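J.: predicted model and sequence follow; I will ask about them next.
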Amino acid sequence: MDQQAEMKRRVAGTVKWNAIDKLLSMALYTVTGIVLAREVPKDDFGLLGAVMVFAAFAALFVDSGFSSALIQKKRVSRLDYSSVFWLNIAVATAIYIILYFCAPLIARIFQNDLRIIPVARVALLAFVINATAIVQTNRLMKRMQVKMITVSNALGLIISSVAAIWMAVEGMGVWALVWQTLILSAVKSIILWTTGHWTPLFRISLRSLKGFFKVGSGMMGGAFLNILFKNIYAFIIGMRAGVLPLSYYTQADKWSNMGISSLTAIFTQSFLPALSQFQDDPRRFAASTAKMNRFTSYLLFPCCGLAITVTTALFHLCFGSKWDAAIYLFQLLMLRGIFTVLSSLYNNYILALGRSRLIVVTELLRDSAALIAIALTWPFIALETAEDPTLGIAILLWGQIGASVLTWGVTLVVASRLSGRNAWQFASDSLPYAATALISVTLASMLTWLTGSPLLLTVGQLLIGGAIYMGLNKIAGSRIQSEVIGHFRSRFIR
């Protein structure tokens, strides 16, 4: 088997296991999330959402961008892995101690809700536990052997979900959510350590860490800005509008992020190791980006489009009317997610070429636009009416969408030039799939006139929308669709 065929096989296997991982995660999160959303009081989701803002930043500083540097580097030694591992543990411990004593200050920020203090001190332990598994995860990703990552995630979700559901039914409220997070992190880490066949050296090489700093610092800078403007909205909503409006936003963000993060992870985790192998071959690198653009677009547009279409029926099916105020917020976040996934894909092209600091430039541009949007919408964030208690939050989210579109455009230009292609070629990879998806979801949305059953409407819109999309691509002669179907048949249909 030649090198190209072997790489294609490895990429296909990585995509498969990443897809299985994310689909299993979505299924388990969905079942658990439905039960918890019904059993746990609304305010409790806002309490945990307030704490998770700080957990996101803590996790970023623990990783320090070195995970991406480990994957990007062609050859990584045991000492390299060990150095990053001990750095992760040291930073995680230090940050947790600081946040433990700062819990009263966190509560003061969110309208002095003292319930946040014990929640913060327990829930923030999760990022310390996660720090123990970062290197184990990256070793498997580096080798494109992600099967055990899938297994650890699945078992972690099953065990933590059962525990959380039991606690919620027993009336433990927010603690069901907290312990779900802790148990998930612990189970995943234990499985990866028992199956990973790797132990760290009791040494740290400053030379190794310094070598990773060039790529890691650029990625950390970009990730910091990304996390800042992903979580600043929850921070502002909780501070300006209170815990209950934050609960609506948290629910919308959780369900939308489940799909968007899964799609992003499937593509970035699967494609980056392969692209890194072609960084010294401009012709093959350009050809690879074209194919990856088309494959991503083929899946991304119909997934997000159909999710937006079925939102109302699906929320009513799962939650009744309890979370109706989160429906429109979810749809806006899914719309923004389209540009988020594409921007992340383009950033991986930049990273694969070792130009990570350019990512900071594109993120700065997006965040500058987001800051302007926040300033313009600041007076309206707490705005609500009897019919729409999240009116101000929706206005805020339109600012997110505008910033994401701008970031997508700039990142497209930068990535296309580095890849040896022009911006129009990059855009034209995606446009046919965007058009067919738009036609499909438009026709599927018309089914609302045919039935009042949330279940029948959800299933009907998904099936008919998906069938129309595949039919249009069949007529258009989509090679990507043919390859996807062919690969599926060869693997699962004998």
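T.: Thanks, I have the structure now. Fair warning: this is a prediction, and the values are worked out from it, not measured in the lab.
J.: CA only for contacts and neighbour counts going forward, please
T.: OK.
J.: list the contacts of Ala103.
T.: Listed by Cα atoms under 8 Å, 6 or more residues apart in numbering, the contact set of Ala103 reads 116-118, 120-121.
J.: most neighbours out of these, which is it?
T.: Ala120 (25 neighbours; other Cα atoms under 10 Å).
J.: would CSV of the contacts of Ala103 with pLDDT, secondary structure and distance to Ile95 be doable?
T.: Below are those laid out as CSV (pLDDT from 0 to 100; DSSP: H, G, I helix; E, B strand; the rest coil; distance: Cα to Cα, whole Å):
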residue, pLDDT, secondary structure, distance to Ile95
Ile116, 91, helix, 18
Ile117, 93, helix, 16
Pro118, 94, helix, 17
Ala120, 93, helix, 13
Arg121, 94, helix, 12
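J.: TSV for those, including distance to Cys102?
T.: Shown next, in TSV, are the contacts of Ala103 (distance: Cα to Cα, whole Å):
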residue	distance to Cys102
Ile116	11
Ile117	9
Pro118	11
Ala120	9
Arg121	9
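J.: which stretches of the stretch 1-150 of the chain have low pLDDT?
T.: 1-19, 21-22, 60, 62-74, 142-146 (pLDDT under 70).
J.: quick one, helices of it?
T.: 3-39, 42-63, 66-72, 78-101, 103-109, 116-123, 125-131, 134-142, 147-169 (DSSP state H, counting those that start in this stretch).
J.: right, so of those helices, which gets closest to Gly196?
T.: helix 134-142 (6.6 Å; Cα to Cα).
J.: chain center to that closest one: distance?
T.: 18 Å (Cα atoms, centre = their mean, to the nearest Å).
J.: related to what we said a few turns ago, quick one, which of the helices of the stretch 1-150 of the chain gets closest to Pro432.
T.: Comparing these by Cα to Cα, helix 3-39 comes nearest, at 22.6 Å.
J.: how about low-confidence regions in the stretch 351-494 of the chain?
T.: For the stretch 351-494 of the chain, the ranges with pLDDT under 70 are 356, 450, 487-494.
J.: just the contacts of Ala103 now: which is nearest Phe235?
T.: Ile116 (13.5 Å).
J.: and the closest one, what does it touch?
T.: 47-48, 50-51, 103-104, 106-107.
J.: swap in 6 Å and give it another go.
T.: If you count contacts by Cα atoms under 6 Å, 6 or more residues apart in numbering, Ile116 has them with 47, 107.
J.: I'd like the helices of the stretch 1-150 of the chain as a markdown table, with distance to Ala382 appended.
T.: Formatted as a markdown table, those follow (distance: least, Cα to Cα, whole Å):
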| stretch | distance to Ala382 |
| --- | --- |
| helix 3-39 | 23 |
| helix 42-63 | 15 |
| helix 66-72 | 38 |
| helix 78-101 | 28 |
| helix 103-109 | 16 |
| helix 116-123 | 21 |
| helix 125-131 | 31 |
| helix 134-142 | 38 |
| helix 147-169 | 30 |
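J.: among those, which is the most enclosed?
T.: With neighbours defined as mean count of other Cα atoms under 10 Å, the helices of the stretch 1-150 of the chain peak in mean count at helix 66-72, which reaches a mean of 25.
J.: what about the closest residue in space to Ala252 that isn't next to it in sequence, which helix or strand?
T.: Nearest residue to Ala252, sequence neighbours excluded (Cα to Cα, 6 or more residues apart in numbering): Phe330, at 4.5 Å. Assessed by DSSP states H and E, Phe330 sits inside helix 327-352.
J.: from Gly320, how far off is the closest residue to Lys322 other than its chain neighbours?
T.: Nearest residue to Lys322 in three dimensions, chain neighbours excluded: Arg38, at 7.9 Å (Cα to Cα, 6+ apart). Look at Arg38 and Gly320: by Cα to Cα, to the nearest Å, they are 9 Å apart.
J.: likewise Arg240?
T.: For Arg240, the distance to Gly320 - Cα to Cα - is 28 Å.
J.: more neighbours: which of these two?
T.: Set Arg240 next to Gly320 and count neighbours by other Cα under 10 Å: Arg240 wins out with 20 against 13.
J.: tell me which residues touch Ala58, please.
T.: By Cα under 6 Å, 6+ apart, the contact set of Ala58 is empty.
J.: that one and Ser208, how far apart?
T.: When Ala58 is compared with Ser208 (using Cα to Cα), they lie 23 Å apart.
J.: how about Thr436?
T.: Relative to Ser208, and taking Cα to Cα, Thr436 is found at 48 Å.
J.: same question for Ile190.
T.: Distance from Ile190 to Ser208, by Cα to Cα: 26 Å.
J.: before we move on, the earlier item: of Thr436 and Ser208, who's got more company?
T.: Thr436 (21 against 17).
J.: burial count for the nearest residue to the more buried one once chain neighbours are set aside?
T.: Among residues not flanking Thr436 along the chain, Tyr469 sits closest, at 6.0 Å (Cα to Cα, 6+ apart). The burial count assigned to Tyr469 is 21, neighbours taken as other Cα under 10 Å.
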